[in-house]
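# Here is my input, please return the structure:
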Amino acid sequence: MAERSTDQERDFALARVIAIVNDKGGVGKTSIAANLGGQFAGAGYRCLLIDLNRQANLADDLGYRDSDADDQGAGLLNSVLAGTPLVPASDVRPKLDVVCGGARLEDLTPIMVSRLQHRGRRAFRVLGDVLAPIATDYEVVFIDCPPESTILSDLALAAARWVLMPTKSDVGGLVGMTLVAERFALAQEINPRLGLLGVVLFGTGTRSRAVHAEARAAIDRAFGGHSPRFETTIRHAERTAQDARRLGKLAHELELEAAAQPAWWETLRSDVRTPRVSATAASVAGDYRALGVEVLTALQAAEEAERTDSPDDTAAPDSTAAPA
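Below is the predicted model of the structure:
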């Protein structure tokens, strides 16, 4: 009975953990994690980002690389080794904390291989075990999963309540999504509560309706014909992506900067030439806002359905509302 109670407490704590995963790189996982986390935090939600990527691209998107907060994944590695609660870097943005990734995560894969040999697939539960003690401090937790390590992604799938899967409409993105769909079923053997929150098309033309239809058909096939899909697509905007990494700012922050900068003809009078922020940042920020509303709405609907189906079970936290 005590073990069951402990499992219920763990499930409650992890009820708002969302793994952002696709086995293909370059499909928007880090951009979505950073921008949704940043926008939710800006709307007043306490958010946590967990970076499982050895390249630590979240550090570039949020502008904290080589800062005092950047431990290159050492804290995450030590928590997994010792079984102690994660210790995030606080207030990378107001109300936004981060468990940093980085080069130290190179050591995590061989450690997990050894544990798998001795403990089987239940060894993957360790990330959820060290996350659960702090997860209730946050209203939403996003895990940014790496494309190059299925073991690290499986750690996230074992800890998460939900999967958000970005994909591009090209063959590579859809193949990566299909591979995750196969591992999704395996992950449910040790994490039966794992569910697909939705699939989002990333880096696509906003008017490419035929391409979108083909991609959505592929998504349905991968997940058995009943995959939840977000209506919002994140548009392709190379200049805004470059601005984000160059400045360490999110799309909605670039939107404000673009609106405040002098008109282009005024800059011609100046002897100092500074790079301008692309005006497309406003459109990209709008895409992320729309996706954020869909994500929170999907979370709320799923939690309400769960309470209706299991009124006697421990309920998930009921604090979801669409940000203004």
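# give me the number of residues near D137?
D137 has 12 neighbouring residues, counting by other Cβ atoms under 10 Å. (Each C-beta comes from the backbone N, C-alpha and C, glycine too.)
# would you say it is within a helix?
No: going by DSSP: H, G, I helix; E, B strand; the rest coil, the assignment for D137 is coil, not a helix.
# Let me see the contact set for it.
Contact partners of D137, counting by Cβ atoms under 8 Å, 6 or more residues apart in numbering, are 46, 48.
# let's see 10 Å
By Cβ atoms under 10 Å, 6 or more residues apart in numbering, D137 lies in contact with 13, 46, 48, 88, 97.
# Output these as a markdown table; include the columns pLDDT and neighbour count.
Below are those laid out as a markdown table (pLDDT from 0 to 100; neighbours: other Cβ atoms under 10 Å):
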| residue | pLDDT | neighbour count |
| --- | --- | --- |
| A13 | 96 | 21 |
| R46 | 98 | 16 |
| L48 | 98 | 25 |
| P88 | 98 | 21 |
| D97 | 98 | 24 |
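# Let me see the mean pLDDT of stretch 112-122.
The average pLDDT within stretch 112-122 is 94.
# Which residues belonging to it are considered buried?
M112 (16 or more other Cβ atoms under 10 Å).
# do stretch 187-199 as well
Buried positions in stretch 187-199, judged by neighbour count with 16+ other Cβ under 10 Å: 187, 190-191, 194, 196-199.
# Over to stretch 281-291?
Under 16+ other Cβ under 10 Å, the buried positions of stretch 281-291 are 281-282, 284-285, 287-289, 291.
# With stretch 156-171 instead?
By neighbour count on 16+ other Cβ under 10 Å, the buried set for stretch 156-171 is 156-169.
# ok so, going back, same list (the buried residues of stretch 281-291) but as JSON lines, adding secondary structure.
Formatted as JSON lines, those follow (three-state DSSP):
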{"residue": "A281", "secondary structure": "helix"}
{"residue": "A282", "secondary structure": "helix"}
{"residue": "V284", "secondary structure": "helix"}
{"residue": "A285", "secondary structure": "helix"}
{"residue": "D287", "secondary structure": "helix"}
{"residue": "Y288", "secondary structure": "helix"}
{"residue": "R289", "secondary structure": "helix"}
{"residue": "L291", "secondary structure": "helix"}
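# hmm, back to that, among the contacts of D137, which are located in helices?
Taking DSSP state H, the ones among the contacts of D137 that sit in helices are A13.
# now, which of the contacts of D137 sits nearest L62?
Closest approach to L62 among those (Cβ to Cβ): D97, at 10.9 Å.
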